[in-house]
Structure formats: structure tokens, C-alpha cells
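Student: Turn this into a structure:
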Amino acid sequence: MMKPISGFCAKKGSIPAVALLALLVLGAAPVRGATFGTVVSLGGTAADIALDEARGALYVANFGAGRVDVVSLAARQTSNAISVAPSPSSLALSPDGRIRSVAHFGNFQAPSSPANFLTVIDLTTGGQQTFTLGDVPLAVAFGADGLALVTTNTEFLLLDPVSGGMQVLDTIAGVTANTLPVPQATFPPQIVAAPVGVSGVGRWIFGLTNTIYFRYDALNHLVTSLSYSAAPPQGPSVVSVSQDGSYFTAGWGLFNASELLVSQFANPSGQLNVGSHVIDSTAGVIYAQILQEQSQTGPTGPIGVTRS
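Tutor: Model (predicted):
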């Protein structure tokens, strides 16, 4: 069990020193500030977004409406909508800006039938391909080689968006079986959520699930993982990666490239759906909003990550 660390900064000699601008939100009365920005009405539920700076557009996976909305950054309004398969839940843009991949979370229970898909959209030609998946896609991200890593609830897939070729890199059970120390016999063979983050150079993709951290090496097409348990839960359910992939933030912790906890936010609540963070590697700053446990005397329980 890692002992709680006051504040949130990198240990010297392990990874580059990182300053922190944290918006620490207590669980008591809400804190209100001035509003900013322009509201763009979508008429649905935004499950994921991707920025296309070259085209001056923001792509929004509109889960409820079953489409991908294209928001013009200049006009600050929806300029187009692309019809896709139902329930788009995650999307990613290829490094060359040509391909957009969309994962569709269609894990319907009986009497309905599952409808899990992956859509590949060629932004140059407008062409679209949709692939049926046997498992539930949870996240999709591109490496520097232009291939997309697709994380499902049971396995890791590698997609070539140009040819449409797809291969299984490994299963969740297979990846966790190679971890040290050996996972317990009751370790679940499936995961239920998998936010991912990509390093600025596109070499590394890091992910956080309910039971493992994983790292994908886009150069060698290799997935490795570390099983864990955490108290409180690793919330918010977000992953941010540094430019070179030497460190990343996941939930309320700061980790090195080997998925070892280096530092953490003080007294986190562990709430999964509140807060976020992003790393500015050039400035050496992590911007974050982390919900804190309401307590006058400190944490209400153990704070830390334990390797399984």
C-alpha cells in the first residue's frame, strides 16, 4: 500500500518534475464561478470528442443521436453531421488526419441482440466502412504507425484502417497472466471500462480499467499490463500522457512508464464520473480537477494503489 503523499509532484530522479494546477473540489456545497465559452447545442449526448486542428473542426460522438457531429471551430456551431451505426461511444483521429475511427457500444441484453461495431471514416473521400465486433468496444486510439488500438471488454485488437484488416494482439486474460506478481485466481477475465491516452509522439498508449493498467507499444505492437486494486477507486476515469510517454496520470495518481505510482492527489474521493486532467509537457504542468473526500481530519480510509 502506498502511503498518501501531501500534494502532487514528481519524485526527483524518477520522472521530470511536474508542477500542478489542481482545482480541488470538496464534496460539500458547490463552488460556482463565472461562465465562459460559447454553448453549441447538439441535441443528443456527447460520449467522446476529437480535435481536428487542420480542418478547424471538433468531432463529437453523439451517443444518443447515433451520429458524429462536426462542430466548426470558427463558426462555433455544428456544421455537419455524419450518420453512423447506433451508439457511437468513442472516436479517434489518425496521425495524418485522414481517418476517423468510431467505436459503438451496443452491449444490449436479451431479448435485444448485441450491436457492437467499429466504423472507419475516410475524411478525404468520405468513404465509410463498418465492422461487426463480437465483444464490446470500450476505447480506440491511434499510434504513430497509423494503426488503431481497439480495447474491448475481453481483448486488444489492432486495426489497419486502410485495408480493414484486424488482428487480435492479446486477450485481457492473456495479458494479465504475464504480469508479476501473478494475479489471483479470481482475477476477472473481462473489464468494464477503459479510458486511454496517447503520448504526443504516438509511440505509447496507456489505459486504465477497473482492474488493470495497460501500456501499448505502437512500435513493437506489444501490450503489457499491471493488475491493481485501489482505495478509493481510481477516479476520475481519465488518462493523460506526457509528450514522450515517460509518465502519465490516471485517475488520481501520477505514474511512471512502468505503471508504478509516483505521486498522487491529496485525499481524493475516487468518484469516477467527476473531474479530469491534462498534461502540458512543454510547461511541465498538470491541469486537473479532482473531487476531494469531505473530511476535516484527512482521508476517511486508506489511500493508495496495491499491485495484485
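
Student: only C-alpha atoms for contact and neighbour calcs from this point on.
Tutor: OK.

Student: Sort out which residues of the lengthiest strand in the chain are buried, please.
Tutor: If you go by DSSP state E, the chain has its longest strand at strand 222-231. Neighbour counts using 16 or more other CA atoms under 10 Å place 223-227, 229-230 of strand 222-231 among the buried residues.

Student: How far away from the center of its chain is it?
Tutor: 14 Å (CA atoms, centre = their mean, to the nearest Å).

Student: Going toward the C-terminus from it, what's the next helix or strand?
Tutor: From strand 222-231 onward toward the C-terminus, using DSSP states H and E, the following helix or strand is strand 239-241.

Student: Which strands and helices lie in contact with that following strand?
Tutor: strand 196-198, strand 204-208, strand 247-250, strand 276-280 (3 or more CA pairs under 8 Å, 6 or more residues apart in numbering; DSSP states H and E).

Student: which residues in the stretch 1-150 of the chain form helices?
Tutor: Applying DSSP state H, counting those that start in this stretch to the stretch 1-150 of the chain gives no helices.

Student: what about it, any weak spots by pLDDT?
Tutor: Judged against pLDDT under 70, the low-scoring parts of the stretch 1-150 of the chain cover residues 1-17, 20-36, 107-114.

Student: if you go through it in chain order, where are the strands?
Tutor: Counting by DSSP state E, counting those that start in this stretch, the stretch 1-150 of the chain has strands at residues 19-26, 46-52, 57-62, 67-72, 77-83, 88-93, 99-104, 117-122, 128-132, 137-142, 148-152.

Student: closest one to residue 278 among those strands?
Tutor: Residue 278 sits nearest to strand 19-26 of all the strands of the stretch 1-150 of the chain, at 10.3 Å, using CA to CA.

Student: Can you verify residue 173 is assigned to a helix?
Tutor: Yes - read with DSSP: H, G, I helix; E, B strand; the rest coil, residue 173 is one of the residues of a helix.

Student: Count the residues that sit near the nearest residue to it once chain neighbours are set aside.
Tutor: Closest residue in space to residue 173, ignoring its immediate chain neighbours: residue 189 at 5.0 Å, by CA to CA, 6 or more residues apart in numbering. Neighbourhood size, residue 189 [other CA atoms under 10 Å]: 16.

Student: next one: residue 125
Tutor: 9.

Student: ok, back up a step: just put the helices and strands packed on strand 239-241 in a markdown table and tack on distance to residue 87.
Tutor: Output for those, formatted as a markdown table (distance: least, CA to CA, whole Å):
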| stretch | distance to residue 87 |
| --- | --- |
| strand 196-198 | 19 |
| strand 204-208 | 22 |
| strand 247-250 | 26 |
| strand 276-280 | 23 |
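
Student: Which one, of these, ends up nearest to residue 160?
Tutor: strand 204-208 (16.4 Å).

Student: Give the pairing partners of that closest one; include direction for each.
Tutor: strand 196-198 (antiparallel), strand 212-217 (antiparallel) (DSSP bridges).

Student: could you list every residue that touches the nearest residue in space to residue 96 that is not next to it in sequence?
Tutor: Leaving out its chain neighbours, the residue that sits closest to residue 96 by CA to CA, 6+ apart is residue 146, at 7.7 Å. Neighbour list for residue 146: 94-96, 160 [criterion: CA atoms under 8 Å, 6 or more residues apart in numbering].

Student: what's the answer for residue 172, then?
Tutor: Residues near residue 172 by CA under 8 Å, 6+ apart: 153-156, 189-191.

Student: Please identify which pair of the residues you listed lies farthest apart.
Tutor: 156 and 189 (12.6 Å).

Student: Poorly predicted segments of the stretch 201-308 of the chain, please.
Tutor: 295-308.

Student: hmm, 90 instead?
Tutor: Counting by pLDDT under 90, the stretch 201-308 of the chain contains low-confidence residues at 210-212, 225-231, 258-260, 265-267, 273-275, 289, 291-308.

Student: circling back to that earlier point, which of the contacts of residue 172 lies closest to residue 242?
Tutor: For the contacts of residue 172, the nearest to residue 242 is residue 156 (22.5 Å; CA to CA).
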